[in-house]
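>>> here is the input, now give the coordinates:
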Amino acid sequence: MRPAAVFSRLRVYDRDPRAATRSTVNFIRREKSRGRAGANFWIDVGIVARTISYATAAHLIEVGLWALLFVACGEFQAFGASYYHSAVNYTTLGYGDIVMSPTWKLLGPLEAANGMLMFGVSTGHGLCCHSKID
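The predicted model follows:
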């Protein structure tokens, strides 16, 4: 793969963060209509935990998609090493123990920016859910 082709199609998959928020808000509304949300502290904890687990799963899937991109670019032979590198970039941890070639080096900061933005979306999502429970 050529870098120009990857950079022009960098959107690994289309997603609408509002759709995830809408579906979670609908879930909370459904729980409220059943009389569950806001009725008991532990039920509310369960609703929030379910929301957080969905966000965590979405982040792990996105890290995996970035890892697949790195394998497709030929930067990594094994998916495990690619996933590790992708997780370090996505979370902006930045160990620096694995460095990509100069041709693909720009993908690291792009993934880090994407990760920061998506963690921000998850935070907003969590706050939205919390405000709907009250």
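>>> contacting residues for the residue nearest the centre of the chain?
What sits nearest the mean C-alpha location of the chain, by CA atoms, centre = their mean, is His59, with 2.5 Å. Taking CB atoms under 8 Å, 6 or more residues apart in numbering, we find His59 in contact with 90, 115, 118-119, 122. C-beta coordinates here come from the backbone N, C-alpha and C atoms, glycine included.
>>> quickly note the distance from it to Phe70.
Relative to Phe70, His59 is positioned 17 Å away (CB to CB, to the nearest Å).
>>> cool, Tyr54 as well?
Distance of Tyr54 to Phe70, computed by CB to CB: 25 Å.
>>> same check on Val63?
Distance, Val63 to Phe70, by CB to CB: 11 Å.
>>> need the residues touching each of those two.
Common neighbours of Val63 and Phe70 (CB under 8 Å, 6+ apart) are Ser86.
>>> shaky segments in this protein?
1-21, 132-134 (pLDDT under 70).
>>> go again with 90.
1-59, 62, 73, 92-112, 114-115, 117-134 (pLDDT under 90).
>>> the chain: helices as residue ranges?
3-8, 17-33, 41-72, 79-90, 107-133 (DSSP state H).
>>> now distance to Ile98 too, for the ones you listed, in JSON lines please.
Listed next are these as JSON lines, based on distance: least, CB to CB, whole Å:
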{"stretch": "helix 3-8", "distance to Ile98": "18"}
{"stretch": "helix 17-33", "distance to Ile98": "29"}
{"stretch": "helix 41-72", "distance to Ile98": "10"}
{"stretch": "helix 79-90", "distance to Ile98": "5"}
{"stretch": "helix 107-133", "distance to Ile98": "10"}
